Structure formats: structure tokens, C-alpha cells
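K.L.:
got a predicted model here, sequence first, then my questions.
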Amino acid sequence: MHKRGMLKPMAILPIITAPDPRLKLKSEPVEKVDDAIRRLMDDMLETMYAAPGVGLAAPQVGVTKRVLVVDVAKEGEQPNPLMLANPEILWASDEEAVYEEGCLSLPDQFAEVTRPAKAHIRYLDHENEIRETEIEGLLATCIQHEIDHLEGILFVDHLSGLKRNIILRKLSKLKRMQATA
Ligand code: NI
């Protein structure tokens, strides 16, 4: 019997901000997209929209599983959420693209990052179906950024040591100020 009354509404999860050792962990693949993973995906989507952001990876909410959500639809456009488990890049283009990236775990920090412009990915969707798709433009950048999180890589890790240190020092200072506020 379904315990319908037990179903909780979606939840907004706290987002971990850098510097934090939990953001450097490598995430584990999910066995299958079951109810627990679907719940995680739904909560992550809710959390991402509330932030607001265009992508969120499970380690950013303290779950070291290979799960991410993205929606790069512009304001005023129809929402277009994608929920991915165990995403893999099967192919990436030699052609590169540069986008100014930000990250919900590095609040108010932005920098230009160069990545492959197009990629072919495979993943498990919300219904545990295997899917393959071509990605390009902002979606390609966003999904590559989120897959990096599953390896413990932040967008600042693509920058020079100098630029990375400036951003991380600002974030450390911000954390100290928040701790004493
Ligand atoms: Ni991020």
C-alpha cells in the first residue's frame, strides 16, 4: 500500500559554499534512479530554482552521488529542467567556447572559463532510462561545469593559480565575516 500521507513536499536544501573539503570529494555512481534518487533530483531542482541558478550538482548539497540538475531556459522562456544521474561525456569537440561562469557554491564570483563547445553525453534520466544527447552552447558549458563537481572540481580550478587564489581568499573572508556576524 502506498503511504500517500507520508509523502513530503519538495524541500529546499542548504548549499555548501567554498572553501569546504566536501566540495573536493569524488561522487559515487548511483545504482539506479529509484524513489530516493528521484526525491533528491526533485529537491535539487527546487533548490536550484530558489537560489536562483542554472545548474546544481549533488555534492553541493552534501550528497556525494553522481546526480545533477540543470535548466538553462532564459527568464520568460518555458522552464526546461534536465535531471541526470551518472552523466558521462562520450565525446567532446575540439572547438572551444568561453563563458563567464558562476557557481552557487562560490557566491557572487564570476570568471571566464574555456571548455569544449559541444559534447555527446549519456546519462540516466528521472525514470531510470538511459539517454544520449548532443549538447552545445550554454547547456554544454553548464553540464560540463556540473560534471566537474562530481569529480571535486570547481570552475576556479580551470583558472590560473593567481585568479583562483583571489576568488578563494574573498570567499574565505566572507565566511569569516558571516561566522562572526
Ligand atoms: Ni557550480
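P.N.:
Received, thanks. Numbering: from 1, shown residues only.

K.L.:
which neighbouring elements make contact with the host helix or strand of residue 173?
P.N.:
Here residue 173, judged by DSSP states H and E, is contained in helix 161-180. When contacts are defined as 3 or more Cβ pairs under 8 Å, 6 or more residues apart in numbering; DSSP states H and E, helix 161-180 sits against strand 106-116. For glycine as for every other residue, the C-beta is placed from the backbone atoms N, C-alpha and C.

K.L.:
run the last query once more with 6 Å
P.N.:
Contact partners of helix 161-180 among helices and strands, from 3 or more Cβ pairs under 6 Å, 6 or more residues apart in numbering; DSSP states H and E: none.

K.L.:
what's it in contact with?
P.N.:
Here helix 161-180 makes contact (Cβ atoms under 6 Å, 6 or more residues apart in numbering) with 18-19, 109, 156.

K.L.:
write the ChimeraX selection for whichever of these are buried.
P.N.:
Selection of buried members from the contacts of helix 161-180 for ChimeraX, criterion 16 or more other Cβ atoms under 10 Å:
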select :18,109,156
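
K.L.:
pipe the contacts of helix 161-180 into a markdown table and attach distance to residue 58, secondary structure and pLDDT per row.
P.N.:
As requested, the contacts of helix 161-180 are exported to a markdown table (distance: Cβ to Cβ, whole Å; DSSP: H, G, I helix; E, B strand; the rest coil; pLDDT from 0 to 100):
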| residue | distance to residue 58 | secondary structure | pLDDT |
| --- | --- | --- | --- |
| 18 | 16 | coil | 95 |
| 19 | 19 | coil | 92 |
| 109 | 21 | strand | 96 |
| 156 | 20 | helix | 97 |
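
K.L.:
next, the buried residues of the lowest-mean-pLDDT helix or strand in the chain.
P.N.:
The weakest-scoring helix or strand in the chain, judged by mean pLDDT, DSSP states H and E, is helix 161-180 (a mean of 92). Buried residues in helix 161-180, defined by neighbour count with 16+ other Cβ under 10 Å: 164, 167-168, 171.

K.L.:
widest-spaced pair of those residues?
P.N.:
164 and 171 (10.7 Å; Cβ to Cβ).

K.L.:
picking up where we left off before, got the angle for the least confident helix or strand of the chain vs strand 106-116?
P.N.:
160 degrees (axes from the mean of the first three to the mean of the last three Cα atoms, to 10 degrees).

K.L.:
low-confidence stretches in this structure?
P.N.:
Filtered on pLDDT under 70, the chain yields the residue ranges 1-8.

K.L.:
the helices in it, which residues?
P.N.:
Applying DSSP state H to the chain gives helices spanning 35-50, 137-150, 161-180.

K.L.:
out of these, flag the one nearest residue 60.
P.N.:
The closest of the helices of the chain to residue 60 is helix 137-150. By Cβ to Cβ, the value is 6.2 Å.
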